[in-house]
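Chemist: Sequence below, structure please.
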Amino acid sequence: MGAKFGVTAWGRTWLRTIESTAMSAPNPALPQARALAARGAVTITSVGGGAIQAEVAARGRTFPVAIDLPLWQREEVTVVRRILSSAGARDRRIAAGEFPDAIVADLRDKGISVAVEVPDCAATCGCTGRRRPCVHHLAVLYGLAQRIDEEPALAVALREKRATRARSSRSESIDRILLTEMDAARYYGD
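Modeler: Below is the predicted model:
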C-alpha cells in the first residue's frame, strides 16, 4: 500500500495547495513529485519560522531544497494561540502537538490560512530544471503534507517565527522522546 497524503485536515490543506484545481492545465511534475515523496526520497531536516530545509534523493543524486514562505501576521498568531489555548483547556493532547482537525475549521472561520499557495513560496533547489516549481520543490511539499499529517503542530510552527528542528523518522527511534520536547509543567496534568 502506498503512502497516504492529506489524511488529516492539516495535511489536506497543504495537499490542496499542491494539487490546486485553479490551474489552467495539470502540472506534469505532480505524479513524479508524489512518487518521490511516497518512496521516501524526501528528507525534511528542518521546519519552522517560515522555512523548510530538505533533501530529495532522485536518480542517484541528492538535491538540497530550501523553501521560504510568508509567516502569519502578529494578529493572526494571537488568534491561533488563543484558539489552541482554548482547545488545550478541553483536550490535553494539544500540549503534545496532537491538534484535532476541528482547529483547522476554526482557523478558516477566522480567515487564517494554515497552508500557503505554491506561487507564494520562494524555493531554491540544486537541480538544473527550468520549470518552477521544480519536481523537487513539489516533492518536498508532498513530504511536508505527510509530516504534517503525522505531527500537526508542524503546520503551526511553520507559520510562526520560532523555528523547530524536524524530527527525522529515519534517524530517531520513535520509542523515545527528547527531554527538550517535554513540557514539565503540563506533564503531570492539573
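Chemist: Show me the strands in this structure, by range?
Modeler: According to DSSP state E, the chain carries its strands in the segments 42-48, 51-58, 61-68, 122-125, 163-165.
Chemist: Now distance to residue 15 too, for those strands, in JSON lines please.
Modeler: All C-beta atoms are positioned from the backbone trio N, CA, C, and that covers glycine. Shown next, in JSON lines, are the strands of the chain (distance: least, Cβ to Cβ, whole Å):
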{"stretch": "strand 42-48", "distance to residue 15": "14"}
{"stretch": "strand 51-58", "distance to residue 15": "15"}
{"stretch": "strand 61-68", "distance to residue 15": "16"}
{"stretch": "strand 122-125", "distance to residue 15": "17"}
{"stretch": "strand 163-165", "distance to residue 15": "22"}
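Chemist: Adding distance to residue 94, mean pLDDT and mean neighbour count, write those strands out as a markdown table.
Modeler: Formatted as a markdown table, those follow (distance: least, Cβ to Cβ, whole Å; pLDDT from 0 to 100; neighbours: other Cβ atoms under 10 Å):
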| stretch | distance to residue 94 | mean pLDDT | mean neighbour count |
| --- | --- | --- | --- |
| strand 42-48 | 18 | 93 | 20 |
| strand 51-58 | 23 | 95 | 20 |
| strand 61-68 | 27 | 96 | 17 |
| strand 122-125 | 31 | 93 | 16 |
| strand 163-165 | 16 | 46 | 14 |
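Chemist: Out of these, the one nearest residue 107 is which?
Modeler: strand 42-48 (17.7 Å; Cβ to Cβ).
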